[in-house]
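K.L.:
quick check, what structure comes out for this input:
(one chain, ligands or ions: 1)
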Amino acid sequence: MIQPLQYDRETGTLFLLDQTLLPDEERYVQVKTLDELIEAIKALRVRGAPLLGLAGAYGLLFAVLESEKSALFWEELQRRVDLLVNARPTAVNLKKEVESILEDIPMTAEPYEVAAIVYEKVLSLESRLRNDDLSLAMHGADLLKGKRRILTICNTGTLATGGIGTALGIIKVKHSKGDLDVAYLCETRPVLQGARLSAWELLKENVPHYIITDNAATYLMSLGKVDAVVVGADRVVRNGDTANKVGTLMLAIAAKHYGIDFYVAAPTSSFDMTIANGNGIVVEERDPEEVLQIHGVRIAPKGSRALNYAFDVTPASLIDGYITEQGILKAPFAEVNYIGR
Ligand SMILES: CSC[C@H]1O[C@H](OP(=O)(O)O)[C@H](O)[C@@H]1O
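P.N.:
Alright, predicted model coming up:
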């Protein structure tokens, strides 16, 4: 399986598969400092809600190692952690995983002890993500048995989770069970996670798929060519409203109109019970330049401006259910421990 992140403890180097270069080039960049990791997160060299949680955990390790020489260790660590957890605001995983590791560290611990604890936590997080993905994908494949034409958006595969993937993991499992005719991948403007990343993953596993323009998805549904829509999530809040890649809301509205199943696939670690509804979710706005060009080639006239919302928020009323590692959940959610540990 692809390894989007690989850590070498000997040299303290995080080898990061640079997702901005895929599918043309499979290059691992060497990240040795917290600043380099934060740059990689902001530039989407590493991305995807669950994988951002793992990247955050490695970032915490960098923060500890860079703070341990300071006489004000805890203050220095907190300063670095604040920079890390705010690198991308919409996915709950980055901040949640970092803070949940910190919660388990006694303030009496020596810096070298903190580093050892964090490293162990990173390893267990890595295996939790893989296990959660597999369990989620099996639940999703069971739920969607017989639904052979699946449409999805963005990239929710190994490049977004470090495991088999969430929505894309379900597609891969359905294929392995002989229960998939085709996956329709929305290209996902402006950064093209669907056309570049999901297509790259499915091609490697010979999963039949078509890349479609985002604006063709509704027409495909109108032709009766889609049996279900399954998407990922960056943050599912208490009433079930869900932040996901921009374009998800459009798919949910169209699916409702055409009577097509619409599911969110996300580990419960992507759930945030501290927020009541979608109005409380911060939607990341990114550099408009990403919209004004495609893969580095400018497409818009000089002087035109662009809006670049990286996510949108789909109301729970448009979501048929939530496919998680614990099974299929329905909104609104009771106060349940969704940390997934
Ligand atoms: C497995 S959830 C991945 C989730 O993250 C993506 O966002 P980005 O590529 O900007 O990190 C997208 O929202 C996916 O659904």
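
K.L.:
for the residue of the stretch 201-341 of the chain found nearest the ligand, give me its contacts.
P.N.:
Proximity of the stretch 201-341 of the chain to the ligand (CB to the nearest ligand atom) peaks at Gly232, 2.9 Å away. All C-beta spots, glycine's among them, are computed from the backbone N, C-alpha and C. By CB atoms under 8 Å, 6 or more residues apart in numbering, the contact set of Gly232 is 48-49, 154, 156, 160, 166-167, 244-245, 264-266.

K.L.:
and these near the ligand, which?
P.N.:
When contact is defined as CB under 6 Å from any ligand atom, the contacts of Gly232 meet the ligand at 48-49, 154, 156, 160, 166, 244-245.

K.L.:
return the subset of the contacts of Gly232 lying in helices.
P.N.:
When DSSP state H is applied, the contacts of Gly232 are split such that 49, 160, 167 fall in helices.

K.L.:
would you turn the residues you listed into TSV with pLDDT and neighbour count?
P.N.:
Output for those, formatted as TSV (pLDDT from 0 to 100; neighbours: other CB atoms under 10 Å):
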residue	pLDDT	neighbour count
Ala49	97	28
Ala160	98	31
Ala167	98	32
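
K.L.:
can you give me the helices in the stretch 101-250 of the chain?
P.N.:
111-143, 158-161, 167-176, 199-204, 217-222, 248-258 (DSSP state H, counting those that start in this stretch).

K.L.:
out of those helices, flag the one nearest Glu99.
P.N.:
helix 111-143 (11.7 Å; CB to CB).

K.L.:
tell me if the closest one is near the ligand.
P.N.:
No - for helix 111-143, no contact with the ligand is found by CB under 6 Å from any ligand atom; the gap never falls below 8.8 Å.

K.L.:
by contact count, what packs against that helix?
P.N.:
Packing partners of helix 111-143 (3 or more CB pairs under 8 Å, 6 or more residues apart in numbering; DSSP states H and E): helix 49-67, helix 93-103, helix 167-176, strand 261-265, strand 321-324, strand 327-329.

K.L.:
so what are the sheet partners of the fourth one and their directions?
P.N.:
According to DSSP bridges, the neighbouring strands of strand 261-265, each with its direction, are strand 228-231 (parallel), strand 321-324 (parallel).

K.L.:
what angle sits between that strand and helix 248-258?
P.N.:
150 degrees (axes from the mean of the first three to the mean of the last three CA atoms, to 10 degrees).

K.L.:
any buried residues in strand 261-265, and which?
P.N.:
For strand 261-265, the neighbour count (16 or more other CB atoms under 10 Å) marks 261-265 as buried.

K.L.:
paired strands for the helix or strand following it, with orientation please.
P.N.:
Using DSSP states H and E, the helix or strand that follows strand 261-265 towards the C-terminus is strand 271-272. Strands adjacent to strand 271-272 in the sheet, as given by DSSP bridges, are strand 235-237 (parallel).

K.L.:
and the closest residue to Ser70 other than its chain neighbours, what does it touch?
P.N.:
Nearest residue to Ser70 in three dimensions, chain neighbours excluded: Glu76, at 4.2 Å (CB to CB, 6 or more residues apart in numbering). Going by CB under 8 Å, 6+ apart, Glu76 touches 66-67, 70.

K.L.:
just among those residues, which is most surrounded?
P.N.:
Highest neighbour count within these, by other CB atoms under 10 Å: Ser67, with 22 neighbours.

K.L.:
show me where pLDDT drops low in the stretch 51-200 of the chain?
P.N.:
Applying pLDDT under 70 to the stretch 51-200 of the chain flags no residue at all.

K.L.:
can you pull the residues of it lying near the ligand?
P.N.:
Residues of the stretch 51-200 of the chain lying close to the ligand by CB under 6 Å from any ligand atom are 154, 156, 160-161, 166, 193.

K.L.:
Ala43 touches Thr20, doesn't it?
P.N.:
Yes - using CB atoms under 8 Å, Ala43 is in contact with Thr20, at 6.3 Å.
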